[in-house]
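Visitor: Build me a structure from this.
(2 chains)
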Amino acid sequence: MTDAAQQTPDLETQLPKTYAPVEVEARRYAKWVADGRFKADDDSDREPYAIVIPPPNVTGQLHLGHALDHTLIDTLVRRERMRGKEALFLPGTDHAGISTQNVVERQLADKEGLSRHDLGREAFVGKVWEWKDVYHERITSQMKKIGDGVDWDRERFTLDDGLSSAVQTMFKRMYDDGMIYRAERIINWCPRCMTALSDIEVEHQDDAGELVSMRYGEGEASIVVATTRLETMLGDTAVAVHPDDERYAHLLGTTVEVPFTGRRIPVVADAHVDPEFGTGAVKVTPAHDPNDFAIGQRHGLESILIMDERGVITAHGPFEGLDRFEARSAIAAALRAEGRIVAEQRPYMHAVGHCERCDTTVEPRLSKQWFVKVERLAKSAGDAVRSGETRIHPPEMEKRFFSWVDNLLDWCISRQLWWGHRIPIWYGPNGEEVCVGPGETAPEGYVQDPDVLDTWFSSGLWPFSTFGWPEDTKALEKFYPTAVLVTGWDIIFFWVVRMMMFGTYAMGRAPFGEVFLHGLIRDKHGKKMSKSSGNGIDPLEVVDRYGADALRFMLARDANPGADSIASIELAELSRNFCNKLWNGTRFALMSGATVEGDLPTDLSLIDRWVLSRLSATITSVDALFEQYEFAKAMDALYHFAKDDVFDWYLELTKPVLAAGGQRAEDTRRVIGHVFDQLLRLLHPVIPFVTEELWLTLNGTEAAGGSLTVAAWPTAAGTDAEAERAVAALQHLVTEVRRFRSDQDLKQSLPLPARLTGLAAVGLADEEPFIRGLVKLAPAGEGFAPTADLAVSDEVSVALDTSGSIDVDAERARLDKALKAAEKELEGAVKKLGNEAFLAKAPDAVVDKIKARKATAEADIARVTAQLDRLA
RNA sequence: GGGUGCUUAGCUCAGCGGUAGAGCACCUCCCUUACAAGGAGGUGGUCACAGGUUCGAUCCCUGUAGCACCCA
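Guide: Sure thing, here's the model as predicted:
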C-alpha cells in the first residue's frame, strides 16, 4: 500500500505473521552469552548494581517460584544495565546437604542395593559429586531457557574450593571469637535422616495423636499426668507441678515409681508448669523434651536417653528394641493392664514437628552438637534494618523480619551427614580440641570431627564468599554490598537473616541495601505449589508452549510486592498474546516505513505530539514504579501504553496520514520509529527475547553487533497537556460515533453524512477532515436531514443523517440510562452542598470539586433531555 | 493456644477518608491487507457482616464470621 512497504518486500520472510518464540529465544540467548552481554567488569568506572541469586538446590529443578524470583531479578538487572550501571546477576547453586544426600542414597539403594556405609565416606562423597554434575547441568539449562541474564563466568557452588575456604575461615574466626561452641542440648533429631536439624528445618503440622492420662504412684500418693508421647515415660525423672498448686502441695518432696523401670522419681515444684493444662501435673523427660530439659536443669534431674538414633527404644525392659511408635501402643496396653490409664483422648489434634526433608516425625533428643551464638549477630542484623542501612520492601514485611530476628535461639549447625563442609575441629588423644583454619594442618594423631555444617552456614556467606572473600578481591570491593536481595517472603528466615548476620559480622556492613520480598505462587485453589501435592506448573512447560517472554510477563504482571499470586497455564496464554501483539504492531510499523534514522521532526502533528506525550508519561510512571519494586503496576502501565495508546489509537490514527503521503507522512514515519524504539526498550528487561528480535530489525543494527541489552534506557521528554486534551476529545468523539453505529446496527464502514460542531473549542479545529476520515463521516451536503444528534460533550456535537428512521428505542434506552446516572450524580452533589456541616468543615478543594460535579451533572441532564425531546 | 495478614465485578487483583478501577471471563457486531493469539461496542459491584468515629467510611476504630500463613 505504501511506498515503504514496497521497499521492504522481504519483511514477510524476515518477520513472519506469527511470533515463534522457541527458535528466536535459543538463538538470542546463545548470542548474548557469546557476545558477553551479561559479563560484569570489576574495573569499570560505572556505578555497580549487583544481585546475587538466592542459590537454588543444585539437585532441584526450577519451579514457578524460582521463575518468578529470577524474572524479577533479571528485570531489575537488565534495566540497570540499560541505565548505564555495571550490572551483575551472579548465578550459582547450593549443595543442599540433607536433601542431596537423601537423593543419592535413595538412588544408590534402588540401583545398586547399597547403603552409604557400604561405600564408605570417601567413595560415597565421590558418588554425590558425580550426581551433582548431572543435576547441575539440568538446573543451569533451565535458567538459560527462562532467559536469566547471568554472568556465567562468576557462577559459584557452595562446595567450591573458594567457598569452602570461606566457610572454614568463617568458622575459625567465629570459633576464636567464642561465637561457636559445642554443647549438650535438646535438638531436633530426624530418626530417618539420622541427623540434627535446626529449628527452621522442622515443620509443625497438626496431627491426630492421642492424649493419655496416666497415674503415677498409689492411693493418696498418686498423681495423674497427661502426655501425647507415652513412650517417653521410660525416661521420666520427675513429675512437676506448679509451686502454688494446692492440689499437689502434699506431694512435693515425695517420690513415685516409674512403672516397668523400678525407678523412683521426685515430685518437684516448678513455676513454668501451667496449672490450667490437663491435671496441672506434668511428667518430666529431660532427655527428650526441651521444656523438660529446662526443668531438669533447674532441679538437677538426671537425663535418660531411651532411644537410639533410629528412634528405637534402648531402655532396658520389656520394650527394648521396639520402634518409638510401637512402644507407644505397647506401653499403653501394659499400663492399661495395670489399671494406670485414667483417660484416653483420641484423636487428639496437636502440632507435631516433622523433618522438612523427609516428613518423618522429629524426635527432640539430648545431643552434643555445635551451635552459633546468635544474640549479637541477630542484633546487628536487626540494627541494619532499624538504622535504614538495609530497607525492606514492602515495609509491612519488617514486622515479620523483626519477630524472627528478635526471638532467635542459638543455631544448631552440625549435621550428622557426609555431604557438606566438614567441621574443621580436630580432637587430640587426650581430649584436646583445635580449630583448623584454611591452609593449616591439625597436629599428628588428631582426628577430625565427623560432622558437617548446616548448608545455610555456607549459604549465609553467599553475598561475599561469591566475590572471593576472605581474599580482598576487586570484585568484593566493586560489588559489596550488593544492591538488593530478591526472594519470597517465606525465605526471610533462611536467607535474609542469615546473610545479614554473617555479612555484618564478617564485612562490617549489611550485604544488601534493600530486600525485596515478593509473594508465593499458588495454584487456582490458593494452595502453595509443591511437588508433593502435585499441583505445580513446570515453568519449562510454559516456555515450551508459549515462550520465555510469555512466562516472564505473566509472572511480572502479577507481582505485587509481598502479595501472593495465582498462576495457571491459561494466564501464560494471555501473555503470549501480548507478545504476539507487540510482534505484529512492530511488524506493521516496519511495513509502514517506520524509521529511526535522523532527528525527530520539530513540526509535529497533533497525534504525534500526543503519542510522544503519552510515551513520556509512561516512562516517568514506569521509572517510579520500578524504584518501588511495583512490578505489577509497571507492567500494567507498559501494557496499556502499548495496547491502548500505541496499537489501538496511534497506529490507527497514523494510517490516513501515511496514506496521504508527503512531508507529514515522512515525519510521522520517523515518530513511529521513535515510539517503537522506545517501547521496545521499556519492555526489554521483562520480555528480552521478542524485543531484541524486533529492535534489531527496526534499527537494522544486527550486522553491526548492536543489541538492545546495552541500549540506553529511555528518559522522559516532557508531556504536552494541550495535545493530550485534544486527543482525549477526539477519542471521545470517535467512540461516541462508533457506539451510535453499534447501537443502531449500522456498519462502521458505511459513510454517514454528518455535521460536526464545536471542534475548535476542544483544540480540534484543524482536524475535521481527519476525524471524518477516521469514522467515515460524509459531508453534510444538499438536503442534509439529521436524524440523530450526538452530544459528545458540552462543546462538541455530531449531527448525523442516517437517511431514514433510526432505532428510537435503542437510543432512548441509552439516553435514559445516561439521564438516570446524571440525575443520581446531581442528587448526591446537591445533598452535599446543602449540608452546612460539609460546607463548613470540608476542605475548599473538595467543596469546589463537588460544585463542579453538580455543574457537570446539570449540563449533562440538560443535554440529554434535549436529545430525548428531539427523539420524541 | 499466641501472632500476622486477607475478605472489593463471575475469576485474579489494584485502590485505602470525598459516593468504585484493571486484566481476564461474559454479551453484541465485525475474517476491514499488522495482528481472529485480532478489532469495535457493551453488560456487570448495597467494597464479608454488625456497631462506632467523622460533615462524609470500601478506606480509620471495635467486635463477629470465614480463609490463609507463621510460631508454640
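Visitor: For the stretch 501-650 of chain A, just list every one of the helices.
Guide: Using DSSP state H, counting those that start in this stretch, the helices of the stretch 501-650 of chain A run over A:539-546, A:548-557, A:569-591, A:606-627, A:631-640.
Visitor: So for RNA strand B, which of these sits nearest?
Guide: Among the helices of the stretch 501-650 of chain A, helix A:569-591 comes nearest to RNA strand B, with 3.1 Å by C-beta to the nearest atom of the strand. Where C-beta positions appear, they are placed from N, C-alpha and C, glycine not excepted.
Visitor: show me where the stretch 351-500 of chain A has helices.
Guide: A:375-386, A:398-405, A:455-459, A:462-465, A:474-479, A:498-507.
Visitor: Tabulate those in TSV, adding columns for distance to A:Gly339, mean pLDDT and mean neighbour count.
Guide: Below are those laid out as TSV (distance: least, C-beta to C-beta, whole Å; pLDDT from 0 to 100; neighbours: other C-beta atoms under 10 Å):
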stretch	distance to A:Gly339	mean pLDDT	mean neighbour count
helix A:375-386	49	90	18
helix A:398-405	47	84	16
helix A:455-459	50	91	26
helix A:462-465	59	95	28
helix A:474-479	71	95	18
helix A:498-507	52	93	24
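Visitor: Quick one: closest of the ones you listed to RNA strand B.
Guide: Closest approach to RNA strand B among the helices of the stretch 351-500 of chain A (C-beta to the nearest atom of the strand): helix A:398-405, 5.8 Å.
Visitor: Give me the contact list for the closest one.
Guide: If you take C-beta atoms under 8 Å, 6 or more residues apart in numbering as the criterion, helix A:398-405 is touched by A:378, A:381-382, A:385, A:392, A:489, A:492-493, A:496-497.
Visitor: Stretch A:75-89 too?
Guide: Residues outside stretch A:75-89 that contact it (C-beta under 8 Å, 6+ apart) are A:38, A:40-41, A:44, A:46-51, A:53, A:73-74, A:148-151, A:154, A:478-479, A:483-484, A:486, A:552, A:556, A:626, A:631, A:681, A:684-686, A:688, A:709-713.
Visitor: how distant is that stretch from the center of its chain?
Guide: Offset of stretch A:75-89 from its chain centre (C-alpha atoms, centre = their mean, to the nearest Å): 19 Å.
Visitor: how about it: buried residues?
Guide: Buried positions in stretch A:75-89, judged by neighbour count with 16 or more other C-beta atoms under 10 Å: A:75-83, A:85-89.
Visitor: How about stretch A:38-46?
Guide: Those would be A:38, A:40, A:42, for stretch A:38-46 by 16+ other C-beta under 10 Å.
Visitor: first vs last residue of it, how far apart are they?
Guide: Terminal residues of stretch A:38-46 lie 15 Å apart, using C-alpha to C-alpha, to the nearest Å.
Visitor: Same check on stretch A:503-516?
Guide: Span of stretch A:503-516 from end to end, C-alpha to C-alpha: 17 Å.
Visitor: neighbouring contacts of it?
Guide: Outside stretch A:503-516, the residues within contact range by C-beta under 8 Å, 6+ apart are A:72, A:170, A:173-174, A:179, A:377, A:380-381, A:383-384, A:389-393, A:397, A:461, A:463-464, A:469-470, A:480-487, A:496, A:499-500, A:502, A:561, A:629.
Visitor: Please see if that stretch touches RNA strand B.
Guide: No. Judged by C-beta under 7 Å from any atom of the strand, stretch A:503-516 stays clear of RNA strand B, getting no closer than 14.9 Å.
Visitor: Helix, strand, or coil at the residue in the stretch 701-850 of chain A that RNA strand B sits nearest to?
Guide: Nearest residue of the stretch 701-850 of chain A to RNA strand B: A:Gly828, at 1.0 Å (C-beta to the nearest atom of the strand). Using DSSP: H, G, I helix; E, B strand; the rest coil, the secondary structure recorded for A:Gly828 is helix.
Visitor: Kindly report the same for A:Ile51.
Guide: Secondary structure, three-state DSSP: A:Ile51 is strand.
Visitor: which residues touch the residue lying closest to it once chain neighbours are set aside?
Guide: Counting by C-beta to C-beta, 6 or more residues apart in numbering, A:Ile51 lies nearest to A:Ile73, which is 5.1 Å off, once chain neighbours are set aside. For A:Ile73, the contact set (C-beta under 8 Å, 6+ apart) comprises A:51, A:53, A:89, A:486.
Visitor: One more: A:Gly488?
Guide: Neighbouring residues of A:Gly488 by C-beta under 8 Å, 6+ apart: A:65, A:68-69, A:517-520.
Visitor: okay, A:Asp523: pLDDT?
Guide: pLDDT recorded at A:Asp523 is 66.
Visitor: How is chain A partitioned into domains?
Guide: Per the TED database, the domain ranges recorded for chain A read A:195-364, A:569-704, A:724-800, A:808-871.
Visitor: Could you dump those domains into CSV and include mean neighbour count?
Guide: What follows is the domains of chain A, written out as CSV (neighbours: other C-beta atoms under 10 Å):
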stretch, mean neighbour count
domain A:195-364, 17
domain A:569-704, 19
domain A:724-800, 16
domain A:808-871, 14
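Visitor: for the stretch 301-450 of chain A, what spans make up the strands?
Guide: In the stretch 301-450 of chain A, the strands defined using DSSP state E, counting those that start in this stretch lie at A:341-355, A:363-372, A:391-393, A:411-412, A:414-415, A:425-427, A:433-435, A:447-448.
Visitor: what packs against the third one?
Guide: It refers to strand A:391-393. Judged by 3 or more C-beta pairs under 8 Å, 6 or more residues apart in numbering; DSSP states H and E, strand A:391-393 is in contact with strand A:512-518.
Visitor: Work out the sheet partners of the strand it packs on and label each with its direction, please.
Guide: strand A:391-393 (parallel), strand A:482-488 (parallel) (DSSP bridges).
Visitor: Other residues contacting stretch A:742-759?
Guide: A:733, A:738, A:740-741, A:765, A:767-768, A:771-772, A:775-781, A:784, A:786, A:788, A:793, A:795-803, A:806-807, A:810-811, A:814.
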